[in-house]
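Engineer: Sequence plus predicted model, see below.
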Amino acid sequence: MDKRTFIKLSGMAGAGLVAAPLVSGLIGCGNAPVDPGTPAAQDAATTGFTLPELGYAHDALEPAIDRQTMKIHHERHHAGYVRKLNAALEGHAMAGQSLEALLAGLGPNDTGLRNNGGGHFNHALFWKVLTPSSEATGPSGMLADRITASFGSQDALLDALSQAAGSRFGSGWAWLVQDENQPDRLFVCSTANQDNPLMKGVVEADHQGRPLLGIDVWEHAYYLNYQNRRTDYVAAVLNRINWSEVAALMA
Ligand SMILES: [Fe+2]
């Protein structure tokens with residue numbers, strides 16, 4: 001079953017217009033089990049949410065992102081968020097909800113779910129929208145039209161993402177977001193730690209919407225290769241965006 005077919009078949013009740021297609025786009029297609037011999041499998045819980053596969057080799061994004069960083073980031077950091085999310089959900093009233101519904105419904109004091117649910121969603125999205133350079137192409141079609149209408153040009157979008165990623169103090173994410181009330185309107189913002197635009201009970205109103213693209217600016221995402229040169233890392237990542245996947249995430 002391809003992704004679009006899966007999206008049509010998966011009507012997630014209660015998650016809202018923003019959440020439903022993202023569930024299948026990220027989690028439904030990302031639940032393939034990892035090799036049981038890897039640290040990822042050892043970290044991931046056997047029930048509940050599971051670690052999605054990258055969809056490409058650890059070294060596929062070199063030199064933008066080096067193999068060791070990708071391996072540690074996926075098999076240790078992301079797997080850790082999944083494991084801690086499942087632990088936080090044991091006996092919790094929000095257990096059983098889709099990840100997007102959970103993120104939309106939590107409050108600022110739901111620390112375990114906020115940090116680890118956000119960590120799981122954000123990284124699943126990040127892996128999805130990256131691609132080896134040989135496959136990278138620019139935005140096209142409706143996505144390109146919406147980028148031009150919202151930012152003036154594709155270069156202006158890239159500048160906005162670079163600015164958001166570079167100016168985030170400490171750890172967090174830079175986002176390209178679709179306005180859920182005005183689907184033609186896209187905007188860029190950044191959030192701290194593992195927060196994201198789905199968290200309506202946490203982030204500011206003008207940061208809320210449907211995340212289409214996230215850039216991880218935690219130091220664990222780049223420090224081995226770039227040390228403190230976050231700007232260089234962000235520029236390299238922006239050259240590895242799978243714009244077809246970004247477009248497919250639009251409502
Ligand atoms: Fe990360």
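Structural biologist: Everything's here; your move.
Engineer: export the lengthiest helix in the chain as CSV, just CAs?
Structural biologist: Identified as the longest helix of the chain according to DSSP state H is helix 111-128. The C-alpha trace of helix 111-128 is given here as CSV (Å, rounded to 0.1, in the frame of the first residue of the first chain):
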residue,chain,number,x,y,z
THR,A,111,6.7,17.0,30.9
GLY,A,112,7.3,13.3,30.0
LEU,A,113,4.8,13.2,27.2
ARG,A,114,5.8,16.7,26.0
ASN,A,115,9.5,15.9,25.8
ASN,A,116,9.4,12.4,24.5
GLY,A,117,6.2,12.5,22.4
GLY,A,118,7.6,15.6,20.8
GLY,A,119,11.0,13.9,20.4
HIS,A,120,9.4,11.0,18.7
PHE,A,121,7.3,13.0,16.3
ASN,A,122,10.0,15.5,15.5
HIS,A,123,12.6,13.0,14.6
ALA,A,124,10.2,10.8,12.6
LEU,A,125,9.4,13.9,10.5
PHE,A,126,13.1,14.9,10.2
TRP,A,127,14.1,11.5,8.8
LYS,A,128,11.2,11.6,6.4
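Engineer: And the next helix or strand after it, what's buried?
Structural biologist: Heading C-terminal from helix 111-128, the first helix or strand you meet, by DSSP states H and E, is helix 141-151. With burial defined by 16 or more other C-beta atoms under 10 Å, the residues of helix 141-151 counted as buried are 143, 146-147, 150-151. C-beta: built from backbone N, CA, C; applies to glycine.
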